[in-house]
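# the following block contains a protein sequence and its predicted model.
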Amino acid sequence: MVFIKGFKLDKKKIASSAQLRGKLDGPDDPRIENVVLLVLSEINQVSEYALDFRVGDGTDIFIVYDDGDDQAALEARELGPVEPIIWVMERQFLTGPAVWEIEEV
């Protein structure tokens, strides 16, 4: 296992966003995957730098800014510069910044 620090695509947040409320049947709606792909595409196109995307347990997708095997040290480290598009997307589609434990790839 490895700890990662960054942002997670949040299916609950996506399903309840103002733009999609009433159009999706909750976070398990299969159409959420279409929204996830659009969000990832938009982030990737607008980002000035290449971002590190990783898949966690199940279908969780993370945008990783830092990783390591020491959770406390990772939580204590500054996140560093974050692409402006991430802060825009965080309002409706992402959760973070935070630290998560995922399987090492």
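Yes, it's here. On a predicted model such as this, the values are computed, not experimentally measured, just so you know.
# quick check: buried residues in the worst-scoring helix or strand of the chain on mean pLDDT?
When each helix and strand of the chain is scored by mean pLDDT, DSSP states H and E, helix 11-16 comes last, with a mean of 82. For helix 11-16, burial by neighbour count (16 or more other Cβ atoms under 10 Å) applies to Lys11, Lys13, Ile14, Ala15. C-beta coordinates here come from the backbone N, C-alpha and C atoms, glycine included.
# which strands or helices does the very next helix or strand once past it pack on?
Next helix or strand after helix 11-16 toward the C-terminus (DSSP states H and E): helix 32-46. Where contact means 3 or more Cβ pairs under 8 Å, 6 or more residues apart in numbering; DSSP states H and E, helix 32-46 is packed against strand 2-9, helix 11-16, strand 61-68, helix 84-90.
# what sits up against helix 32-46?
Helix 32-46 has contacts (Cβ atoms under 8 Å, 6 or more residues apart in numbering) with 9, 11, 14-15, 20, 24, 51, 53, 61, 63, 83, 85-86, 89, 93.
# so who does the most centrally placed residue in the chain touch?
Taking Cα atoms, centre = their mean, the centroid of the chain lies closest to Lys8, which sits 2.3 Å from it. Shown in contact with Lys8 (Cβ under 8 Å, 6+ apart): Gly56, Asp60, Ile61, Phe62, Ile63, Leu94, Thr95, Gly96, Ala98, Trp100.
# residues contacting the fifth one?
What it means is Ile63. Gly6, Phe7, Lys8, Leu9, Ile43, Leu51, Asp52, Phe53, Ile86, Leu94, Gly96.
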